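Student: next come a sequence and a model predicted from it.
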Amino acid sequence: MGCRLLRSTCLKKSTFIAIVFGLLVVQIQVSNADMMKTRFNSDERRAAADGFISAMDDAGYVVTEGYLSFFTIDDCEFFSSQSDGAGCMGNNPVNPYGIYMVPTVDGEYMEDLPYLMRGDEKLYLTHRYGVEEATIYFGRTPPPAEYLGFTTYLGNRYVDGEDLVIGASLSDTLNPTNIKVDSDGSYDDAFDKDVVVVNVGVESTYLAIQQAFAAANVSEDIMNLQVVSPDVFQYGLERDADTYNFLHRAHLYKNLTEQEERQSSPPVLIFRVTPKVSNPQLNYYPRPDRFDRKDKREDFAADLNTLENAIRETYDDYTVIRNNASFPFLLFGEDCIDDDENCNGDNADTVYIGNFQWELLTETNFYVVFGANHAKTNMAKYCNVAVLNPAERTSIGEFNSINDMEGSAQEYVEDLDHLYVMHVRRNCTGHNFCFEVSYELPAGLTA
């Protein structure tokens, strides 16, 4: 769970006593384990990184540096222009996704890869990797929030000459329940902690990375291996190889100032590790086991039916249209990879439920959104609903279980506080539990 104790068996020598010229001299041998660090300020992190890079150079690897960037609404129009109208990819409206911006390497085919501009610099969102390469996140986890996650994705794959978008997770997400950091093992103590996350497909590269970080006095207790197995990912730098990318999520920060500071200047270093010479004998990591997820919809069907009937009675004088298109995106990265299908950026930590309303929202109509608040059923840390422009796949905003849903169902039915009811209107004046979609939205957004 992330709590690690130094073991006394790591000591190389026992304490010993020597007599020199009648003086009693006690010499204590300090173990390497005692020097290992799990917490770094910016200067210490930079020094450890320089030591790591030097050790990797000695081991036969080149380390190049990128950085963590956040995909904001300002990036959407540019990205959409080169990605067949993908828009904001259903972006998180409250907390932008963090993306690893890594350098390219010699021989990497780049002509078909999407990119963003940061000033005059072209930064690619996905990359092709040689089988011995690795990517590393070295820095802080987010400050206290409701959630954090690290997920690696297969981006695109060529199948019979056709470039397919796969967008499928290559392993389960690292999150506060399974990440190794120096903590008391609880969910909440995983935040604002230094961590190393290594994405790699072969054992020899990971062992070299482990040893290089140890040489830089970075503790094994914060090292996390996230396997990108050659069994599911087609490595290579040529055009027909798979591409992959990285998403770092954090949601519902508890302090907005800390959120803004992290997104403007993240205390994180990103590395790409490339061997100088290929190793002819490699031990590939196997396909990782995935967390078993279950469908629990039937457990709440009766309560939801009761709530729906109450809503209909409340608006008996209105023309009520129930949209039956609400459906879960039961997306499993491993299945999408096997079947060469689009997984739309699945995340094993959540279930996405969609309801596409193509009727224009005006001053004379509104939507009533209701469902189970799984923060109340103890099946989730939080629950949120994003309101999107489906044509542009752009999020306008959200309502969530932390700030908005509490008590909302009680206006219709008592004793069902594990459910929620929210309105979506053009004007919320006089309405409780309401999300307003104004005609005047921030730049870059339309509704």
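Tutor: Happy to help now that I have it.
Student: could you report the neighbour count for Y147?
Tutor: Number of residues near Y147 (other Cβ atoms under 10 Å) recorded here: 22. Where C-beta positions appear, they are placed from N, C-alpha and C, glycine not excepted.
Student: which residues sit in contact with it?
Tutor: Residues near Y147 by Cβ atoms under 8 Å, 6 or more residues apart in numbering: N175, P176, R249, A250, H251, L252, D349, K381, Y382.
Student: which of those fall within strands?
Tutor: Among the contacts of Y147, DSSP state E puts R249, A250, H251, L252 in strands.
Student: which non-adjacent residue is nearest the third one?
Tutor: Once flanking residues are discounted, H251 sits nearest to Y147: 4.5 Å by Cβ to Cβ, 6 or more residues apart in numbering.
Student: quick one: that neighbour from E260, how far?
Tutor: 18 Å (Cβ to Cβ, to the nearest Å).
Student: next: D415.
Tutor: 40 Å.
Student: next one: I222
Tutor: In this view, I222 and E260 are 26 Å apart by Cβ to Cβ.
Student: try L148
Tutor: L148 is 17 Å from E260, by Cβ to Cβ.
Student: more crowded one of these two?
Tutor: Using other Cβ under 10 Å as the criterion, L148 and E260 rank with L148 on top: 23 against 11.
Student: what's the neighbour count on Y412?
Tutor: 20.
Student: residue contacts, it?
Tutor: So Y412 contacts L307, A310, I311, T314, V421 (Cβ under 8 Å, 6+ apart).
Student: in strands only, show me those.
Tutor: V421.
Student: quick one: buried ones out of the contacts of Y412?
Tutor: L307, A310, I311, V421 (16 or more other Cβ atoms under 10 Å).
Student: does the first one touch E414 like I think?
Tutor: No. In this structure, L307 sits apart from E414 without contact. The criterion is Cβ atoms under 8 Å, and the distance is 11.0 Å.
Student: overlap in contacts of these two?
Tutor: Counting by Cβ under 8 Å, 6+ apart, nothing touches both L307 and E414.
Student: let me know the helix or strand that the closest residue in space to F70 that isn't next to it in sequence is in.
Tutor: Ranked by Cβ to Cβ, 6+ apart and with sequence neighbours excluded, the top spatial neighbour of F70 is P96, at 4.2 Å. Under DSSP states H and E, no helix or strand contains P96.
Student: now the closest residue to T64 other than its chain neighbours: how far from N432?
Tutor: Using Cβ to Cβ, 6+ apart and skipping the chain neighbours, the partner closest in space to T64 is P103 (4.4 Å). According to Cβ to Cβ, P103 stands 51 Å off from N432.
Student: between those two, point out the one with more neighbours.
Tutor: Comparing P103 with N432 by neighbour count (other Cβ under 10 Å), the higher total belongs to P103, at 15 against 11.
Student: pretty sure that one is touching G66, no?
Tutor: Yes. Between P103 and G66 there is a contact under Cβ under 8 Å: 5.7 Å.
Student: quick one: stretch 356-374 to chain centroid distance?
Tutor: 28 Å (Cα atoms, centre = their mean, to the nearest Å).
Student: just stretch 405-414 next, same as before
Tutor: Using Cα atoms, centre = their mean, the offset of stretch 405-414 from its chain centre is 32 Å.
Student: same question for stretch 163-180.
Tutor: That offset, for stretch 163-180, works out to 8 Å (Cα atoms, centre = their mean).
Student: how about it as CSV, C-alpha atoms only?
Tutor: The C-alpha coordinates for stretch 163-180 follow below in CSV (Å, rounded to 0.1, in the frame of the first residue of the first chain):
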residue,chain,number,x,y,z
ASP,A,163,-4.5,3.8,-39.1
LEU,A,164,-6.9,2.9,-36.3
VAL,A,165,-7.5,4.9,-33.1
ILE,A,166,-7.4,2.4,-30.2
GLY,A,167,-7.1,4.7,-27.1
ALA,A,168,-7.0,1.7,-24.8
SER,A,169,-5.3,1.4,-21.4
LEU,A,170,-2.3,-0.9,-21.3
SER,A,171,-2.6,-1.7,-17.7
ASP,A,172,-4.6,-0.8,-14.6
THR,A,173,-4.3,2.8,-13.4
LEU,A,174,-1.9,3.6,-10.5
ASN,A,175,-4.1,5.4,-7.9
PRO,A,176,-4.0,6.1,-4.1
THR,A,177,-4.9,2.5,-3.3
ASN,A,178,-2.0,0.9,-5.1
ILE,A,179,0.7,3.4,-5.6
LYS,A,180,4.0,3.1,-3.7
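Student: picking that back up, in a strand, the residue nearest to H251, correct?
Tutor: Yes. Assessed by DSSP: H, G, I helix; E, B strand; the rest coil, Y147 belongs to a strand.
Student: now it: how far from D172?
Tutor: Distance, Y147 to D172, using Cβ to Cβ: 14 Å.
Student: please enumerate the helices of the stretch 151-300 of the chain.
Tutor: Assigned by DSSP state H, counting those that start in this stretch, the stretch 151-300 of the chain shows helices spanning 203-215, 256-264.
Student: adding distance to L164 and mean pLDDT, write these out as JSON lines.
Tutor: Below are these laid out as JSON lines (distance: least, Cβ to Cβ, whole Å; pLDDT from 0 to 100):
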{"stretch": "helix 203-215", "distance to L164": "28", "mean pLDDT": "97"}
{"stretch": "helix 256-264", "distance to L164": "32", "mean pLDDT": "95"}
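Student: show residues contacting stretch 57-67.
Tutor: 52-53, 56, 100-103, 105, 205, 208, 211-212, 266, 268-277.
Student: cool, and stretch 39-50?
Tutor: 37, 138-139, 182, 193-194, 213, 216-218, 267, 269, 271.
Student: ok, stretch 304-312 next?
Tutor: Against stretch 304-312 from outside (Cβ under 8 Å, 6+ apart): V320, R322, V368, F370, G371, A372, A409, Y412, V413, L416, L419, V421.
Student: try it again with 6 Å
Tutor: The contact list for stretch 304-312 (Cβ atoms under 6 Å, 6 or more residues apart in numbering) reads V320, V368, F370, Y412, V413, L419.
Student: please give me every residue in contact with the last one.
Tutor: The neighbours of L419, taking Cβ under 6 Å, 6+ apart as the test, are L307, A372, A409.
Student: and for the second one, the neighbour number?
Tutor: Around A372 sit 24 other residues, with neighbours defined as other Cβ under 10 Å.
Student: quick check: the gap between it and Q410.
Tutor: Distance, A372 to Q410, using Cβ to Cβ: 15 Å.
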